[in-house]
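Trainee: Could you work out the structure for the sequence below:
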Amino acid sequence: MAKIEKAELRMVDLVPKVKRTDAIQSFVSQETPIVTVTDADGAVGTGYSYTIGSGGSSVMRLLADHLAPRLIGRDADMIEAIWHELEFATHATTIGAITAIALAAIDTALWDLRAKKQGLPLWKLAGGAKDRCPLYTTEGGWLHIETEALVEDALAAKAKGFRGSKVKIGKPHGSEDLARLTTVRQAVGSSYEIMTDCNQGFSVGEAIRRTERLRDLDLAWIEEPLP
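Mentor: Alright, predicted model coming up:
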């Protein structure tokens, strides 16, 4: 693999197509740091990560001041070695979301570069264990969406071949979450997965109380109940 000659950075502010709400926030911006690396052969790899509306400028400064300069002259094929070096170079501020988001954009760019140069899709480059996997949808389950719309989205996703839908929980009272999810379960049947996401919105006691309410719905998982 040729050595890296250039690392370019840019921030793209993506506005979601729909309103996005969860147990602790509503966000209208997806800050997207993008890293593009070019090697001595002229091959280009692009990677990105994202925030949900804040912190993007801090990610960009970490990339510009401390991480991207260390890529120049490195063998682009040494992806894991580069990751460990960059992680150690920022060990005084690691582990944290800012560092992880910055490293992810670089790591993805290097894998993109390798895949393009070898003419393989990433799933084959990573071992090709299987050529398909079940998918679930996350876009139709925002907390502000009315129950009827949740059902419509889940049924539409099921018809398209999705195996499950993720629904945000964290309404003011647990009975509201239970009612919404019960209606969705009744509509989609027992073979369709329902995932939930609390977005770190509960205390330990409230998380236990709420999850006990949902026990009989056979949920695939209850994501991030705690900060």
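
Trainee: where in the chain is pLDDT low?
Mentor: In the predicted model, the chain carries pLDDT under 70 at residues 1.

Trainee: Might you calculate how far the longest helix anywhere in it sits from the centre of the chain?
Mentor: Longest helix of the chain, by residue count under DSSP state H: helix 97-118. Centre-to-centre, helix 97-118 and its host chain are 14 Å apart (CA atoms, centre = their mean, to the nearest Å).

Trainee: In that helix, which residues are buried?
Mentor: For helix 97-118, the neighbour count (16 or more other CB atoms under 10 Å) marks 98-99, 101-115, 117 as buried. Backbone N, C-alpha and C define where each C-beta goes, glycine included.

Trainee: what do you get for stretch 3-15?
Mentor: Neighbour counts over stretch 3-15 (16+ other CB under 10 Å) mark 4, 7, 9 as buried.

Trainee: And the helices in this protein?
Mentor: With DSSP H as the criterion, the chain has helices at 56-62, 79-89, 97-118, 122-125, 147-160, 174-188, 204-213.

Trainee: Adding distance to Leu71, write those out as JSON lines.
Mentor: Formatted as JSON lines, the helices of the chain follow (distance: least, CB to CB, whole Å):
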{"stretch": "helix 56-62", "distance to Leu71": "13"}
{"stretch": "helix 79-89", "distance to Leu71": "7"}
{"stretch": "helix 97-118", "distance to Leu71": "7"}
{"stretch": "helix 122-125", "distance to Leu71": "20"}
{"stretch": "helix 147-160", "distance to Leu71": "40"}
{"stretch": "helix 174-188", "distance to Leu71": "45"}
{"stretch": "helix 204-213", "distance to Leu71": "41"}
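
Trainee: Relative to Pro69, which of these is closest?
Mentor: With CB to CB as the criterion, Pro69 lies closest to helix 79-89 of the helices of the chain, at 10.1 Å.

Trainee: Give me the packing partners of the closest one, helices and strands only.
Mentor: Counting by 3 or more CB pairs under 8 Å, 6 or more residues apart in numbering; DSSP states H and E, the packing neighbours recorded for helix 79-89 are helix 97-118.

Trainee: Lovely, talk soon.
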